[in-house]
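Novice: Any chance you can model this:
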Amino acid sequence: MIDLKQINIKSNLGLPIGVLCLLAMIVLPLPPYILDFFFTLNIVIALLIMAKAINVDRPLAFTTFPAIILIATLLRLAMNVASTRVILLEGHKGSEAAGSVISAFGDFVIGGQYAVGLIVFLILVLVNFLVITKGTGRVSEVSARFKLDALPGKQMAIDADLNAGSLTPEEATAKREELTSEADFYGAMDGASKFVKGDAIAGIVILFINIVGGLTLGVASHGMTFSAAAETYILLTIGDGIVAQIPGLILSVATGVIITRAGKKQSLGEQIKGEFLTSGKNFYMAGMVLFVLGIIPGMPNVAFLVFAFMIAGMGFYIDTASRKSLVEVNELVVEEVQGTNAEVTWDDIKHVKPLEVHVGFGLAGWIQKDENEIVNRLKGLRRKLSQELGFLVSAISVQDDIDLPGYEYVIKLHGEDLSRFEIQPQKLLAVGESVKKMHGIRVKEPAFGMESMWIKDVDKGMAEVYGAQVFEPERVLTTHLAEVIKKNAYSLFGYDEAKKLLDKAGETSPHLVEEYNSKVKGVETLVKVMKILLKEKVPLRDVKNIIRVIVESYNENMPVIFLAQAVRNALGRSILNSIFKSGDVQLIAMESALQQMLINNVVNNGVESVAIEPNMANSMAEQLEALVPERMSQGLPSVLAVDEHIRYQIENTLGSRIPNLYVIAVQEIPDGVDFEIVMTLET
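Specialist: Below you'll find the model as predicted:
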């Protein structure tokens with residue numbers, strides 16, 4: 001029977017044992033055939049790393065790359081030390097003494113001419129050291145610095161998206177981990193690029209040590225003439241150097257490819273194809289230049305003309321392929337239009353969707369460019385609002401509308417316009433009174449009507465210094481949409497939603513639902529009560545408690561608003577907790593004489609009427625309008641507490657005039673809750 005634990009132990013020990021073997025190669029002498037094996041393995045590893053670097057879709061998909069660079073560099077240095085020992089000890093016996101790989105590179109690649117080999121080696125080292133390694137090191141350093149500087153801002157953006165509902169807690173945690181991994185990766189790459197640079201320098205130093213040491217040993221210890229020693233040891237040294245530099249050069253290129261990657265999650269080949277091979281115009285221009293050079297006397301006419309026609313032909317092929325795909329799309333559209341001659345059915349009638357966002361033509365490209373991000377934000381927003389409100393919010397549809405101005409969007413509910421705003425996709429929205437000190441486009445923030453300004457990216461730091469909150473355009477759209485949905489949630493709730501909530505409650509409380517069905521009969525009463533609760537910003541999360549109160553309080557002659565108030569009284573603690581998240585309960589009270597007068601009016605005129613005299617309503621509204629905006633700017637809620645008999649009427653009278661005002665009944669405040677009166681409404 002296979003023991004999986006033993007397999008895991010062995011696989012985990014493989015890498016440490018391999019690293020120890022590399023270190024042992026520096027100390028222990030190796031025969032030439034083992035050197036041949038490791039030189040070949042060195043080239044294979046470099047090629048594999050290069051292939052992975054080119055095909056990886058993003059740098060973070062290859063997070064082990066810095067560690068692999070270190071191990072590959074260690075392998076090459078160990079090989080250099082081992083080969084140096086063999087060359088100096090056995091080099092006087094001939095070129096085969098150091099192994100067939102070194103001999104082959106010394107004889108075949110450089111033709112047995114050590115002067116040529118020395119020049120080729122120096123060129124390889126200079127290209128590697130001065131061009132690739134130096135550039136890669138600089139890019140690594142700058143990337144690491146920028147990634148670390150941007151880390152706090154990106155973390156704040158994740159927190160903002162989480163609060164706006166664009167991300168779930170699990171997605172936010174994953175994004176934070178990805179940010180940390182990204183910072184660690186680029187920091188590690190900054191250090192790893194130093195390994196590559198040091199390896200290039202070590203190659204030069206080892207070359208001269210081998211040449212000087214070989215000449216000295218050949219002449220002094222083995223009795224060779226200077227010219228024979230030079231030919232033997234320099235050829236072996238150059239062969240050894242080139243064998244080591246070729247994989248080193250490959251690894252340097254792989255490092256440059258990884259560290260300079262940017263943009264979409266695609267392999268390098270796919271990205272180049274998508275950005276470079278999209279139009280034949282560039283190929284026509286290059287072909288024309290080559291053609292002109294090809295007809296000039298004295299130039300390599302055949303080579304230039306052949307490449308001119310090849311490049312032009314490639315451009316023609318790219319344009320033909322693009323036109324073919326466009327024709328296929330047009331044919332599809334024609335087929336759809338031709339299909340309209342069929343008989344009209346009910347399926348041809350397009351019904352309005354519950355919730356839509358229409359965007360102007362200027363925003364269509366912006367939405368398409370970041371379509372996945374916008375879709376994910378809207379999905380996250382719908383998920384969070386559904387959890388907050390207690391029922392499944394309708395799907396949010398986004399579509400372009402040529403009738404809208406360029407950068408404007410409209411939020412529609414059941415086909416009717418609810419709210420609109422003009423967005424600036426290339427700017428940021430700074431929110432707060434302090435934006436008056438800045439330069440930009442002054443607007444009212446759409447969700448809460450606060451002072452705000454569209455600013456450039458470069459002014460973000462200044463806005464935050466002034467104390468303003470800065471939001472991306474996507475966040476502005478989702479926050480605005482969230483507030484509109486919350487304020488109009490009652491319009492999205494209907495019989496289907498009520499039936500589903502009743503069915504869900506029946507899964508865990510079947511007797512309660514059975515009692516409801518026998519006593520209340522149908523979901524009409526449940527729909528009316530829940531619509532009142534949603535309109536008054538009370539979530540439906542505690543659906544079983546809502547159904548229980550309706551069952552206990554229901555009779556056929558009872559007005560629905562009495563049932564809704566009974567539910568509110570039962571949910572009082574939950575209502576207070578949803579309003580006062582800090583825990584400090586601060587209330588606006590009403591003068592007892594004014595309150596009694598309103599109660600008498602309701603009793604005399606009927607509970608369903610809004611029996612508040614206009615002048616009295618205006619007086620209360622004016623007093624509240626002086627307080628509510630001030631508390632809102634401080635992040636504090638404004639809550640008016642009145643008797644349960646007039647709460648519904650006050651909500652209907654003042655709620656639409658002062659949108660950010662909460663109206664609760666005194667009877668909703670649970671026993672033992674301490675509160676503070678911050679203002680008293682007077683006649």
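
Novice: for the stretch 401-550 of the chain, which spans come out with low pLDDT?
Specialist: Applying pLDDT under 70 to the stretch 401-550 of the chain flags no residue at all.

Novice: ditto for the stretch 51-200 of the chain
Specialist: If you take pLDDT under 70 as the line, the stretch 51-200 of the chain has these spans: 90-114, 117, 129, 131, 137, 139-140, 142-157, 159-168, 192, 196.

Novice: Buried residues, whichever strand or helix holds Lys384. List them.
Specialist: Using DSSP states H and E, the element containing Lys384 is helix 371-389. Using 16 or more other Cβ atoms under 10 Å as the test for burial, helix 371-389 gives 374, 377-385, 388-389. Where you see a C-beta, it was placed from the backbone N, CA and C, and this is true even at glycine.

Novice: what's the next helix or strand after it packed up against?
Specialist: Moving toward the C-terminus from helix 371-389, the next helix or strand (DSSP H and E) is strand 397-400. For strand 397-400, the elements it packs on are strand 355-359, helix 361-369, judged by 3 or more Cβ pairs under 8 Å, 6 or more residues apart in numbering; DSSP states H and E.

Novice: could you redo the last one with a cut-off of 6 Å?
Specialist: The criterion is 3 or more Cβ pairs under 6 Å, 6 or more residues apart in numbering; DSSP states H and E, and the helices and strands that strand 397-400 contacts are strand 355-359.

Novice: From the chain's centroid, how far away is the strand it packs on?
Specialist: 23 Å (Cα atoms, centre = their mean, to the nearest Å).

Novice: what sits up against it?
Specialist: Residues outside strand 355-359 that contact it (Cβ atoms under 6 Å, 6 or more residues apart in numbering) are 394, 396-398, 400-401, 409-412.

Novice: Out of those residues, who's the most crowded?
Specialist: Ranked by the number of neighbours (other Cβ atoms under 10 Å), the contacts of strand 355-359 place Tyr409 first, at 26 neighbours.

Novice: any idea how far Arg475 is from it?
Specialist: Counting by Cβ to Cβ, to the nearest Å, the separation of Tyr409 from Arg475 is 14 Å.

Novice: Phi, psi for the residue lying farthest from the centre of the chain please.
Specialist: Within the chain, the residue lying farthest from the chain centre (Cα atoms, centre = their mean) is Gly223, at 69.7 Å. With angles defined as degrees, to the nearest 10, Gly223 sits at phi 70, psi 20.

Novice: Can you check what pLDDT the model gives it?
Specialist: As predicted, Gly223 sits at a pLDDT of 71.

Novice: Make sure Pro446 is indeed in a helix.
Specialist: No. The assignment for Pro446 (DSSP: H, G, I helix; E, B strand; the rest coil) gives coil, which keeps it out of a helix.

Novice: do you know how far it is from Val410?
Specialist: Distance from Pro446 to Val410, by Cβ to Cβ: 11 Å.

Novice: Arg420 reaches Val410, doesn't it?
Specialist: Yes. Counting by Cβ atoms under 6 Å, Arg420 touches Val410, with 4.4 Å between them.

Novice: Do you have the strands of the stretch 401-550 of the chain handy? List them.
Specialist: Assigned strands in the stretch 401-550 of the chain, in chain order: 408-413, 416-422, 428-431, 441-444, 451-455, 469-471 (criterion: DSSP state E, counting those that start in this stretch).

Novice: Ok, which of the ones you listed comes nearest Asp503?
Specialist: Closest approach to Asp503 among those (Cβ to Cβ): strand 408-413, 25.5 Å.

Novice: helices or strands up against the closest one?
Specialist: strand 355-359, strand 416-422.

Novice: can you tell which of the ones you listed is closest to Tyr317?
Specialist: Tyr317 lies closest, by Cβ to Cβ, to one member of the helices and strands packed on strand 408-413: strand 355-359, at 36.8 Å.

Novice: partners of that closest one in the sheet?
Specialist: The strands beside strand 355-359 in its sheet (DSSP bridges) come out as strand 397-400 (parallel), strand 408-413 (antiparallel).

Novice: need those strands in a markdown table with distance to Phe675, can you?
Specialist: Below are these laid out as a markdown table (distance: least, Cβ to Cβ, whole Å):
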| stretch | distance to Phe675 |
| --- | --- |
| strand 397-400 | 43 |
| strand 408-413 | 36 |
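
Novice: out of those strands, which comes closest to Ala115?
Specialist: Comparing those under Cβ to Cβ, the one sitting nearest is strand 397-400, at 69.1 Å.

Novice: how many other residues sit next to Ile599?
Specialist: Ile599 has 16 neighbouring residues, counting by other Cβ under 10 Å.

Novice: got it, and Thr508?
Specialist: The tally of other residues near Thr508 (other Cβ under 10 Å) stands at 9.

Novice: Please name the nearest non-neighbouring residue to it.
Specialist: Lys544 (7.4 Å; Cβ to Cβ, 6 or more residues apart in numbering).

Novice: That neighbour and Val551: what is the separation?
Specialist: Lys544 is 11 Å from Val551, by Cβ to Cβ.

Novice: Counting by contacts, list what the longest helix that the chain contains packs against.
Specialist: Among the segments of the chain that qualify as a helix by DSSP state H, the longest is helix 169-220. Contact partners of helix 169-220 among helices and strands, from 3+ Cβ pairs under 6 Å, 6+ apart: helix 65-90, helix 134-164, helix 226-259.

Novice: Show the secondary-structure elements that the last one is packed against.
Specialist: Under the contact criterion of 3+ Cβ pairs under 6 Å, 6+ apart, the helices and strands touching helix 226-259 comprise helix 32-55, helix 65-90, helix 100-104, helix 114-126, helix 134-164, helix 169-220.

Novice: now the first one
Specialist: For helix 65-90, the packing partners by 3+ Cβ pairs under 6 Å, 6+ apart come out as helix 4-27, helix 32-55, helix 169-220, helix 226-259.

Novice: Is the residue nearest to Asp417 when sequence neighbours are not counted bridged to anything, and to what?
Specialist: The shortest distance from Asp417 to any non-neighbouring residue, by Cβ to Cβ, 6+ apart, is to Val410 (5.4 Å). Counting by DSSP bridges, Val410 is bridged to His358, Arg420.

Novice: Could I get the contacting residues of Val410?
Specialist: Contacts of Val410 by Cβ under 6 Å, 6+ apart are 358, 417, 420.

Novice: Could you check which helix or strand contains the closest residue to Lys487 other than its chain neighbours?
Specialist: Using Cβ to Cβ, 6+ apart and skipping residues adjacent in sequence, the residue nearest Lys487 is Pro659, 7.1 Å away. For Pro659, there is no host helix or strand (DSSP H and E).

Novice: Neighbours of Pro659, how many?
Specialist: The number of residues packed near Pro659 is 12, by other Cβ under 10 Å.

Novice: Can you give me the pLDDT of it?
Specialist: Note on Pro659: pLDDT of 76.

Novice: Kindly calculate the angle that whichever strand or helix holds Ser574 makes with helix 371-389.
Specialist: According to DSSP H and E, Ser574 maps onto helix 572-579. If you take axes from the mean of the first three to the mean of the last three Cα atoms, to 10 degrees, helix 572-579 sits at 150 degrees to helix 371-389.

Novice: still on that earlier bit, any idea which of the strands of the stretch 401-550 of the chain gets closest to Leu492?
Specialist: Nearest to Leu492, of all the strands of the stretch 401-550 of the chain, is strand 408-413, at 7.5 Å by Cβ to Cβ.

Novice: pull the CA atoms of the closest one into CSV?
Specialist: This file holds the C-alpha atoms of strand 408-413, laid out as CSV (Å, rounded to 0.1, in the frame of the first residue of the first chain):
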residue,chain,number,x,y,z
GLU,A,408,-24.4,61.0,-19.0
TYR,A,409,-26.1,57.9,-17.5
VAL,A,410,-29.7,57.4,-16.4
ILE,A,411,-31.0,55.0,-13.8
LYS,A,412,-34.4,53.6,-14.8
LEU,A,413,-37.0,51.7,-12.7
